[in-house]
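A.B. asks: sequence below, structure please.
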Amino acid sequence: MPRLFAGLEIAEGVRQRLEALRGELAGARWVAPEDYHITLRFFGDVDGPTADALTARLAALRARPVPMQLSGLGVFGGRRPRALWAGVVAGPELAALQRACEQAGRAAGLEPQSRKYTPHVTLARFRNIRPGKVAAFISARGEFRSEPWIAERFVLYSARPHSGGGPYVIEAAFPLETSGGGGDKGE
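C.D. replies: Numbers count the residues shown, from 1 in each chain. Next up is the predicted model:
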C-alpha cells in the first residue's frame, strides 16, 4: 500500500535559502532539501484501487496557480518540540486548493482530515531536545522571509510507510491553471 499525500513543491531559490538556515542544533534530524514541500492533504496508506480513484479525482481538479511566500520559523510541540517549520503566507488560492484536495480524498473514499490545516514546510524533526535550544535557534533565524513565487502545479507524492519523512517520490503532477487542469504521470 502506498502512503500518499498531495503537496506543493518549493521553488529552487527558496529551497536553497531554506537549506542555508540549517545550523548546529543537537537532536535535530534535518529534512533533505529535495524533500521540502508544503502538504495540501495527507491521505495515508491506501490500496491500489483507492490510489487510482484518488489520482483520477486529483487530475480532475480545476484550480488557479498559487502565489506563495514563506515567512518566519516556528515549532510544533510547544514544551516538547517535535518539528521545526517555515511558515507559509497563505492566500485564497492555497485555501481553495487545499479544500479541493480534501474533497478529492473524501470522494475517493478516504476519511476526512481530522487536523486543522496549517500550511508549513518542515525543516527538521526532534527527539528529546530542550525547548530553550530550539527557541534560541529560531530567535537567531526567525526573521526569515523568502522571495515570492507562483506554484503552477501540485503533485501527488508517495513515501515509504512508517518512515516519518522522505525520500518522497512524485507519482503524478497536476497543472494549475485558470482554464483547466489535468495531470501527467511522474517525473
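A.B. asks: can you point me to the longest helix in this structure?
C.D. replies: For the chain, the longest helix by residue count, based on DSSP state H, is helix 92-107.
A.B. asks: from residue 147, how far off is the residue of the chain most remote from its centre?
C.D. replies: Going by CA atoms, centre = their mean, the residue of the chain most distant from its centre is residue 132, 26.4 Å out. Distance, residue 132 to residue 147, using CB to CB, to the nearest Å: 31 Å. The C-beta positions use only the backbone N, C-alpha and C, and glycine is treated the same way.
A.B. asks: one more: residue 86?
C.D. replies: On the measure of CB to CB, residue 86 and residue 147 end up 13 Å apart.
A.B. asks: the more surrounded of the two?
C.D. replies: The neighbour count for residue 86 versus residue 147, taken as other CB atoms under 10 Å, is higher for residue 86 (24 against 11).
A.B. asks: from memory the more buried one sits against residue 73, does it?
C.D. replies: Yes. Between residue 86 and residue 73 there is a contact under CB atoms under 8 Å: 5.8 Å.
A.B. asks: between those two, which contacts overlap?
C.D. replies: 21, 123, 144 (CB atoms under 8 Å, 6 or more residues apart in numbering).
A.B. asks: most neighbours among these, which one is it?
C.D. replies: Busiest of the shared contacts of residue 86 and residue 73 [other CB under 10 Å] is residue 123, holding 22 neighbours.
A.B. asks: residues in contact with the helix or strand containing that residue?
C.D. replies: Using DSSP states H and E, residue 123 maps to strand 120-126. Contact partners of strand 120-126, identified using CB under 8 Å, 6+ apart, comprise 10, 18, 21-22, 25, 27-31, 36-38, 70, 73-74, 77, 81-88, 134, 164-165.
A.B. asks: now those: which count as buried?
C.D. replies: 10, 18, 21, 25, 28, 30-31, 36-38, 70, 73, 81, 83-88, 134 (16 or more other CB atoms under 10 Å).
A.B. asks: just the ones of those in helices?
C.D. replies: Using DSSP H, the buried ones among the contacts of strand 120-126 in helices are 18, 134.
A.B. asks: the buried ones among the contacts of strand 120-126 in strands, which ones?
C.D. replies: Of these, the ones assigned to strands by DSSP state E are 28, 30, 37-38, 70, 73, 83-88.
A.B. asks: and of those residues, the nearest to residue 45?
C.D. replies: Distance to residue 45 across those (CB to CB) is lowest for residue 37, with 18.6 Å.
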